[in-house]
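[1] Below is the sequence, then the predicted model.
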Amino acid sequence: MPRKKEALRKKAKNKTGKIIPKKGKQESPKTAEKETKAVAAKKGFQLVRGMKDIVPKEGGYWRLVSTKAAAIAEAYEFVYAETPIVEQAALFVRSLGKGTDVVEKEMYFFEDHDGNRLCLRPEMTAAFARAYISHGMHSLSQPVKLWNIGPLFRHDRPQAGRYRQFHQFNCESFGVRDPAIDAELVSVAYHFLKDLGIASLVHMNSIGNTEDRGRYVVELTAYLRTKRSYLSELSKKRITKNPLRVLDSKEEQDQPIIEEAPQIVDWLSDESKKHFMQVLEYLDALNIPYALRPTLVRGLDYYTDTVFEIYEAEGETSSEPAQALGGGGRYDLLVEQLGGQPTPGAGFALGLERVISLVRKQYQKEDGTGGLPEQRSPFFFAHLGEQARQRALPLIEDLRQDGILVHHNVAKPALKSQLELANKLHVSHAVILGHKELQDGTIIIRDMASGIQEIIDQKKLRRELRKILEKQAAS
RNA sequence: GUGGCCAUAGUGAAACGGUUAUCACGCGAGUUUGUGGCACUCGCAGUACGGGUUCGAUUCCCGUUGGCCACCCCA
């Protein structure tokens, strides 16, 4: 009876409910309550909001994408580096800006047992800047080009392509202010996506230096005030909070006002203007498709001059409103602001969850099954009986040492189920070792497509498999 | 942070408020104690959690948790 089940469940819950408070004296009532609920749930623990497992189905895509990232970063001579996930909270408060959303409402703050005010890193650039200073990288040959892939944390409201723990591919270039550096970064991001089969478009803008921007903001604010009554409610609020954001407004009624608004490009110093023009020239030379977007401003305070975001190029099939795959820009004041010597820098980050979701779509388009064409061995090694299994392991090990990989499953004793698995794995040949073969030192190679079997000497196994591999490579 | 939609085995779905919650895929075992695909048989596994209404809740209501969408923001 379900009633009985229900009653049992309740009993079980009461038990755990008694145990937990005893153990967890220090826990806040809130966490204790949450934990009790989770334990009580028959299904076990729920995933924490905004967190995501990488399941076997996705594993191959993560491997593919991180391999590509490493390959391209290293091709551009970026050096792999990593920083801790935990940093002093002040690092990000100071670099990103106190009023920014990331700091104001999205950071994971906590205090450790020594009373240090810490946080989980919400982005990489400031962390790399800190590492640059910490390790005196200014004494290395400049630019210092660093890359990594790692998890970041923002307590944002989750939705598709947005998680509280997410991963970025980051490249940062410290020490040189040169438009070629900016262009190189854009190029890395662009080609990374291109190598993965994703056509992209880079949105470019320059927000100049601090003074330029300051003067522009004054001008823009004044302009927006005169048009205030025509603006959407949201934009009205933004006039005082962050007037640059008004330019990004999606509200229809704001559009005519935005079009007429003063553009930041006109307020850039000659130096900034020249820098930006040169960046664009390099992009032209590199044949990287970009669009100027005078309204592009980024959400973090440390940017100067070049800023960019990268989007999936709009094909006929793309329907969803574009979500930026990544973004970046120049931050010439950041290192100094964090206590280092004045050091220019620029970088970008790409959101891997977003990239991977596009990569998966690519593969689904191509073969309909949605599977990543994995490099699988074309061989399955089947054994029959305990003795054969004992002999199989060293044989397989020898093959592996020789660079020939085979599938094998030690946990399926029945030959039938092993071949079933071989079939599922779409191998071309099965190697079969049974009692008879064990005794006379032979082994069977079975062609899975035709069912034709060949009995060979065990010593010739390696040579035979290699021959098959060569034949397959040739066709 | 604001608003909306949603929650049934691992996945995708079905069940006017009424017997034992159904089906497909999946996974495991077998029909064949030395041979895969096809077929058949058997098995595994579920109403997110808590409360309420009701004689009776997967179904209706409330709360919690989680997911999705838009906004905000961003990767």
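    Right, received. Where do you want to start?

[2] can you pull the contacts of residue A:281?
    residue A:179 (Cβ atoms under 8 Å, 6 or more residues apart in numbering). (C-beta placed from N, C-alpha, C; glycine too.)

[3] and it, that one's in a helix?
    Yes: counting by DSSP: H, G, I helix; E, B strand; the rest coil, residue A:281 is found in a helix.

[4] okay, it: pLDDT?
    Per-residue pLDDT puts residue A:281 at 97.

[5] so how far is residue A:290 from it?
    11 Å (Cβ to Cβ, to the nearest Å).

[6] Find the residue closest to the residue of chain A found nearest RNA strand B in space, skipping its chain neighbours.
    Chain A approaches RNA strand B most closely through residue A:299 (0.8 Å), counting by Cβ to the nearest atom of the strand. In space, and not counting its chain neighbours, residue A:299 is closest to residue A:100: 5.9 Å by Cβ to Cβ, 6 or more residues apart in numbering.

[7] still on that earlier bit, backbone dihedrals for the residue of chain A closest to RNA strand B, please?
    Dihedral pair for residue A:299: phi -80, psi 0, per degrees, to the nearest 10.

[8] ok, now residue A:443?
    phi -160, psi 150.

[9] and if you look at residue A:325?
    The phi/psi pair for residue A:325 (degrees, to the nearest 10) reads phi -80, psi -20.

[10] re the thing from before, can you tell me how far the residue of chain A closest to RNA strand B is from residue A:324?
    Residue A:299 is 11 Å from residue A:324, by Cβ to Cβ.

[11] One more: residue A:292?
    16 Å.

[12] cool, residue A:86 as well?
    27 Å.

[13] what's the answer for residue A:289, then?
    Taking Cβ to Cβ, one finds residue A:289 at 16 Å from residue A:324.

[14] swap in residue A:142?
    29 Å.

[15] can you check residue A:61 too?
    Counting by Cβ to Cβ, the gap from residue A:61 to residue A:324 is 20 Å.

[16] re earlier: higher neighbour count, residue A:289 and residue A:324?
    residue A:324 (16 against 11; other Cβ atoms under 10 Å).

[17] Quick check on the closest residue in space to the more buried one that isn't next to it in sequence: phi, psi?
    With Cβ to Cβ, 6+ apart as the criterion, residue A:324 has its nearest non-adjacent residue at 4.5 Å, and that residue is residue A:309. When read as degrees, to the nearest 10, the backbone of residue A:309 gives phi -130, psi 150.

[18] quick one: contacts for residue A:309?
    A:202, A:203, A:293, A:296, A:298, A:324, A:326, A:327 are the contacts of residue A:309 under Cβ under 8 Å, 6+ apart.

[19] where does it land on pLDDT?
    94.

[20] now swap in residue A:3 and tell me
    35.

[21] Excluding chain neighbours, give the residue nearest to the residue nearest the centre of chain A in space.
    The centroid of chain A falls nearest to residue A:352 when counting by Cα atoms, centre = their mean (2.2 Å). The shortest distance from residue A:352 to any non-neighbouring residue, by Cβ to Cβ, 6+ apart, is to residue A:167 (4.2 Å).

[22] how far away is that neighbour from residue A:123?
    Taken as Cβ to Cβ, the span from residue A:167 to residue A:123 is 12 Å.

[23] go on, residue A:154?
    From residue A:154 to residue A:123 the distance is 8 Å (Cβ to Cβ).

[24] list the residues that contact both of these two?
    With Cβ under 8 Å, 6+ apart as the test, residue A:154 and residue A:123 both reach residue A:102.

[25] domain parsing for chain A?
    A:2-40, A:56-209+A:269-365, A:379-474 (automatic domain parsing).

[26] out of the ones you listed, deepest packed?
    Sort the domains of chain A by mean neighbour count, taking mean count of other Cβ atoms under 10 Å, and domain A:56-209+A:269-365 sits at the top with a mean of 18.

[27] Show me where the stretch 201-350 of chain A has its strands.
    A:290-292, A:304-312, A:326-330, A:345-351 (DSSP state E, counting those that start in this stretch).

[28] can you tell which of the ones you listed is closest to residue A:113?
    Closest to residue A:113 of the strands of the stretch 201-350 of chain A, according to Cβ to Cβ: strand A:345-351, at 31.7 Å.

[29] The closest one near RNA strand B at all?
    Yes: judged by Cβ under 7 Å from any atom of the strand, strand A:345-351 comes into contact with RNA strand B at A:349, A:350, A:351.
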